[in-house]
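> next input, structure requested:
(4 chains)
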Protein chains: 2
Amino acid sequence: MHALSDPVRISIVAELRKAEEGLNCVETTGRLKFSMPKSTCSQHYRILRESGIIHSERRGVEMTSKVRRKELDSRFPGLLDAILKAWRREHGE
Amino acid sequence: MHALSDPVRISIVAELRKAEEGLNCVETTGRLKFSMPKSTCSQHYRILRESGIIHSERRGVEMTSKVRRKELDSRFPGLLDAILKAWRREHGE
DNA sequence: TCTATTGTTCGGTATTTGTGAACAATAGAA
DNA sequence: TTCTATTGTTCACAAATACCGAACAATAGA
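From the prediction side, this is the model:
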């Protein structure tokens, strides 16, 4: 819950869900409306990773991350969808 | 989201949902597994109130609070239920 | 080996949160 | 009324957390 409560992190998760093949930090930063240094981006990814929301995998020089949809849905059915739905309702799109 | 991400506040909301007639700070503190000073409790209630999750009303010397179920469900359908369900799954009961 | 690119770690700073003490508000008894 | 007990809020400071730049690590390609 703490991991998903931060506005930056929920934005990241929303972008990751739209990208089938996953995203890395630089790509993510480019798609968000606000910018942030890469160290901050790295921290947010670490929190998302350690809380089990995303899975990251090294591909050459970059780290590609994806949302762990199956694991999340089986453990907390409907939770991520409800949160993302609420977030979209507040933040347009 | 921020209001509901704190473990103390989600516990308070869970207790409020169980109590039909609402609860005040002192009663709430007594029902939770951990204790906290009343100033802290007051702050958490304020955050829940300002984020629109609860409604508080003075009854004599005490402030009785209730979850705004209808308003929340119409604005964010299923959100509170999903979050509370996930919380219970993690924190027993 | 050298360079470019991506991401992590570390340390200091800034922001946020928790807490005790003082204060405000109300009710009831003296 | 005045005094006391109870509940909750506000304020200021301490503690915890988050942000960010700089240095470092890892990988790929020239």
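> what residues does chain A have near chain B?
Selection of chain A residues close to chain B by C-beta under 8 Å from any C-beta of the partner chain yields A:1-2, A:4-5, A:10, A:75-79, A:81-83, A:85-87, A:89. Bear in mind the C-beta positions are built from the backbone N, C-alpha and C, glycine included.
> quick one, phi/psi of the closest residue to DNA strand C within chain A?
Of all residues in chain A, residue A:24 sits closest to DNA strand C, with a separation of 2.5 Å (C-beta to the nearest atom of the strand). Recorded main-chain torsions at residue A:24 are phi -110, psi 180, according to degrees, to the nearest 10.
> what is the closest residue to it other than its chain neighbours paired to in the beta sheet?
Once flanking residues are discounted, residue A:24 sits nearest to residue A:62: 4.2 Å by C-beta to C-beta, 6 or more residues apart in numbering or on different chains. Partner residues in beta bridges with residue A:62, using DSSP bridges, are residue A:59.
> my guess is residue A:62 meets residue A:21, correct?
No: using C-beta atoms under 8 Å, residue A:62 is not in contact with residue A:21, being 11.8 Å away.
> buried set for stretch A:20-38?
Along stretch A:20-38, these residues count as buried under the neighbour rule (16 or more other C-beta atoms under 10 Å in any protein chain shown): A:22, A:23, A:24, A:25, A:28, A:29.
> any chance of CSV for these, columns pLDDT?
Supplementary listing: the buried residues of stretch A:20-38 in CSV, determined by pLDDT from 0 to 100:
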residue, pLDDT
A:22, 95
A:23, 95
A:24, 95
A:25, 90
A:28, 94
A:29, 94
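> circling back: what is the neighbour count of the residue nearest to residue A:24?
In terms of burial, residue A:62 registers 15 neighbours under the definition other C-beta atoms under 10 Å in any protein chain shown.
> how close does it sit to DNA strand D?
The spacing between residue A:62 and DNA strand D, counted by C-beta to the nearest atom of the strand, to the nearest Å, is 9 Å.
> again, but for residue A:22
17 Å.
> and what of residue A:17?
Distance, residue A:17 to DNA strand D, by C-beta to the nearest atom of the strand: 21 Å.
> and for residue A:76?
Look at residue A:76 and DNA strand D: by C-beta to the nearest atom of the strand, they are 20 Å apart.
> can you check residue A:12 too?
To DNA strand D, residue A:12 is 12 Å away according to C-beta to the nearest atom of the strand.
> pretty sure residue A:4 sits against residue A:14.
No: distance between residue A:4 and residue A:14: 10.7 Å, which falls outside the contact criterion (C-beta under 8 Å).
> just the pLDDT for residue A:35.
According to the predicted model, the pLDDT of residue A:35 comes to 91.
> name the SS class of it, please.
Going by DSSP: H, G, I helix; E, B strand; the rest coil, the secondary structure assigned to residue A:35 is coil.
> ok, now which ones touch it?
Contact analysis of residue A:35 by C-beta atoms under 8 Å, 6 or more residues apart in numbering or on different chains lists residue A:29.
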